[in-house]
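Undergrad: Got a predicted structure plus its sequence, pasted below:
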Amino acid sequence: MRLVNCPPRLALPRRVGAAFFLLNGLLPVARSVLAEGILDSLKISRQSRQVGPGVWHHQMQSAAGPWFINVLEVDRRQSNLQFKTVKAGRGLHGLARTSVMAAAVDAERRRVVAAINGDFFDTTGMPINLQVTQGRMLRGPSPHSVVAFTDRGMPLIEILSASYRVRTRDGTWRDMQGFNRSRLTDETILFTSDFGASTSTNKYGSEAILRLLSPLAINDTLRAVVRDRRSAAGNAPLADSLIVVSGHGAALRWLDSRVAVGDTLLLVCSLSPARGRIVEALGGLPRLLRAGKVAVETDREGGKHFSEVRHPRTAIGFSADSSKVFLVTVDGRQEHSLGMTLYELADFMHSLGCAEALNLDGGGSTTMVVRGKIVNHPSDATGERPVGNALLLISRAPTGRLAHLSVQPRRAVLAPEEHIDFAVAATDSFFNPLSIGEDQFSWRLSRKNGPGKIDDRGRWTAVSREMTKEDSGYVMVYRSPALRDSAKVIVTAWRELEIEPDSLVLQSGGSRALAPKLIDSRGGAYRWPPARFDWEVEGGIGSISPTGVFTAGRTGSGWVRVRFEQLERRIPVQINASTSGP
């Protein structure tokens, strides 16, 4: 929530409990259980809203870390939803912010519901592991886990290996050793335009430049015609329709003897173990959950040092029946959220109901975007960090008529006289955002004599009155009986009045400014202008101004009393005789 022009607050009260690793089994089916209030008994502060067909966004806080967590809960059975990977830049090398990559893809019937950052990457933006987008492999796999989606939308987490083979005109097959990476001694490497403008190889090799006759696809046989041959030369050009087979040493001799201009070659790029036709994939490490059990596999991926320190984290997981997919970010390296160890992250993913889960790149890269807005707090001082790739959730549903109004935030807690600006989100039946003017709806309150008032622009202000306990009410946005929504507002009560300092010792004629502090019913501390309080001196030992400045008079002892509504506080005062130097 955003508080505007409020009295300075000394400390934000903790409104959250500690335990939330008790949720296993609570999220099994189509509706969002997180949005139905099951967590209330666990004393977790959370807000939930539906952001797409079968998609809910949850924000949760816990004092246990402390942690600030964003969870995107996806019902994968919704036919309009699909996951898509995107690469920053025009090839394997390039960096961009997750929010920028998401915005570049968003279009009618391709609305980006949400996005998270993806794989670890090097300084050029090259991901360290496999990436597949729309069935096209951009980079081959490394011996680390990937999250992938088949053409039927089924998710999987697996360590995949690849094989690359080429058949020459005489019908013989030869294995290639790599894909879109640097060529080493005696290797045959296949390059596509995703690698860059050219192969960047040296002159100590041989290269065949091929024109594709069929699209690049995984686990499929491709046909290509040899357009040019270069021996004792390198750095062959690459383009969308051109690929290059490059060889060195023994591979050079094979290319020179078996491949000529005009030949038609067959190429197969396969991923195993086979889990259906993979159309989207990107890497991460390590695996967090396997077959419903916590399995932080740092012995295979990342090392123990990587798991035992709290950092910002990004993760993906899915339920045992694959019907639910969860995207998760945990803020870190900040006062409101310290981050998680990998074991804490694994426990949390398990508590959501995940049977399989994978850690993605974290730290300053951790970002979640929901409907075009960054919903977490990236840890870098400069804000959102450019990354190598990202995972998007796409809705193919067409934009329709206005069907939902949603007040944001859903719940607000304020002290007396604070105010908050509520916003209205308008969406169609598929939760695609729509534009709506302020003259097309009105603001209302659930109680005329409730704890606050609201203007026609959605600014709600808590009333100032003597209250001994908290009060609450609802803010409503209204267009018609079928198009309305509400948000709950809780106004705390003043519990205690303090004065700083809590005692005074002055010489006659001296003065000191006193600072009052109000404590509300949830532990929040607020400094209000001293002129808002009633001041009084007892004992005839001095005077006090309306702004709380005490001036000592005669010697002796007495009290300063301050009052605010039903609260009162006295502090002892001792006035000593003034002394003068020689």
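TA: Thanks, I have it.
Undergrad: who touches stretch 180-196?
TA: By Cβ atoms under 8 Å, 6 or more residues apart in numbering, the list of residues contacting stretch 180-196 from outside reads 87, 91-93, 136, 138-140, 164, 166, 174-179, 199-201, 205, 216, 236, 238-240, 242-251, 254-255, 267, 269. The C-beta positions use only the backbone N, C-alpha and C, and glycine is treated the same way.
Undergrad: so where's the chain shaky on pLDDT?
TA: 1-44, 580-582 (pLDDT under 70).
Undergrad: Walk me through the domains of it.
TA: Taking automatic domain parsing as the domain assignment, the ranges for the chain are 55-128+282-395, 161-272, 399-492, 494-576.
Undergrad: Between the two ends of the first one, how far is it?
TA: With Cα to Cα, to the nearest Å as the measure, the ends of domain 55-128+282-395 fall 10 Å from one another.
Undergrad: Give me the buried entries from the contacts of stretch 180-196.
TA: Listed as buried from the contacts of stretch 180-196 are 87, 91-93, 136, 138-140, 164, 166, 174, 176-179, 199, 201, 205, 216, 236, 238, 242-249, 251, 254-255, 267, 269; burial here means 16 or more other Cβ atoms under 10 Å.
Undergrad: Show me those residues that map onto helices.
TA: Here DSSP state H is the test, and those give Ala251, Trp254, Leu255 as lying in helices.
Undergrad: can you redo those residues as JSON lines with distance to Gly302?
TA: Formatted as JSON lines, those follow (distance: Cβ to Cβ, whole Å):
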{"residue": "Ala251", "distance to Gly302": "33"}
{"residue": "Trp254", "distance to Gly302": "38"}
{"residue": "Leu255", "distance to Gly302": "38"}
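Undergrad: ok, back up a step: so which of the domains of the chain is the most packed in?
TA: Ranked by mean neighbour count under mean count of other Cβ atoms under 10 Å, the domains of the chain are led by domain 55-128+282-395, which reaches a mean of 21.
Undergrad: What is the three-state secondary structure of Phe348?
TA: Applying DSSP: H, G, I helix; E, B strand; the rest coil to Phe348 yields a three-state assignment of helix.
Undergrad: Secondary structure of Val325: a helix, I assume?
TA: No - Val325 is assigned strand when assessed by three-state DSSP, not a helix.
Undergrad: Pro143 versus Asp186, what's the distance?
TA: To Pro143, Asp186 is 21 Å away according to Cβ to Cβ, to the nearest Å.
Undergrad: I misspoke; the intended subject was Glu565.
TA: Counting by Cβ to Cβ, the gap from Glu565 to Pro143 is 67 Å.
Undergrad: same check, this time on Lys373
TA: 37 Å.
Undergrad: same check, this time on Ala239
TA: Applying Cβ to Cβ, the value for Ala239 to Pro143 is 31 Å.
Undergrad: Ok, Glu108 next?
TA: 41 Å.
Undergrad: same check, this time on Val226
TA: Taking Cβ to Cβ as the measure, Val226 and Pro143 are separated by 33 Å.
Undergrad: same check, this time on Arg169
TA: Look at Arg169 and Pro143: by Cβ to Cβ, they are 34 Å apart.
Undergrad: show me where the stretch 401-550 of the chain has helices.
TA: In the stretch 401-550 of the chain, no helices are defined using DSSP state H, counting those that start in this stretch.
Undergrad: tell me which of the ones in helices among the buried ones among the contacts of stretch 180-196 is nearest to Glu344?
TA: Minimum distance to Glu344 across these is 47.5 Å, recorded for Ala251 (Cβ to Cβ).
Undergrad: need the contact list for the closest one.
TA: Residues in contact with Ala251, defined by Cβ under 8 Å, 6+ apart, are Asp186, Glu187, Thr188, Gly205, Ser206.
Undergrad: again, only this time at 7 Å
TA: By Cβ atoms under 7 Å, 6 or more residues apart in numbering, the contact list for Ala251 reads Asp186, Glu187, Thr188.
Undergrad: ok, the second one to Thr124 distance?
TA: To tie it back to what came earlier, the one meant is Glu187. To Thr124, Glu187 is 21 Å away according to Cβ to Cβ.
Undergrad: now do the first one
TA: Distance from Asp186 to Thr124, counting by Cβ to Cβ: 26 Å.
Undergrad: Restricted to strands, list the contacts of Ala251.
TA: With strands taken from DSSP state E, the overlap with the contacts of Ala251 comprises Thr188.
Undergrad: Make TSV out of the contacts of Ala251 and add distance to Gly317.
TA: Listed next are the contacts of Ala251 as TSV, based on distance: Cβ to Cβ, whole Å:
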residue	distance to Gly317
Asp186	41
Glu187	37
Thr188	38
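Undergrad: quick one: which of the contacts of Ala251 is nearest Ala552?
TA: Ala552 lies nearest to Glu187 out of the contacts of Ala251, by Cβ to Cβ, at 88.3 Å.
Undergrad: Quick check: the closest one vs Tyr164, distance?
TA: 11 Å.
Undergrad: which residues touch the closest residue to Pro516 other than its chain neighbours?
TA: Sequence neighbours aside, Phe533 is the residue nearest to Pro516 in space, at 5.1 Å (criterion: Cβ to Cβ, 6 or more residues apart in numbering). Under the criterion of Cβ under 7 Å, 6+ apart, the neighbours of Phe533 are Pro516, Gly548, Val562, Arg563, Phe564.
Undergrad: export the residues you listed to JSON lines and tack on distance to Leu402?
TA: Shown next, in JSON lines, are the contacts of Phe533 (distance: Cβ to Cβ, whole Å):
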{"residue": "Pro516", "distance to Leu402": "49"}
{"residue": "Gly548", "distance to Leu402": "53"}
{"residue": "Val562", "distance to Leu402": "53"}
{"residue": "Arg563", "distance to Leu402": "52"}
{"residue": "Phe564", "distance to Leu402": "46"}
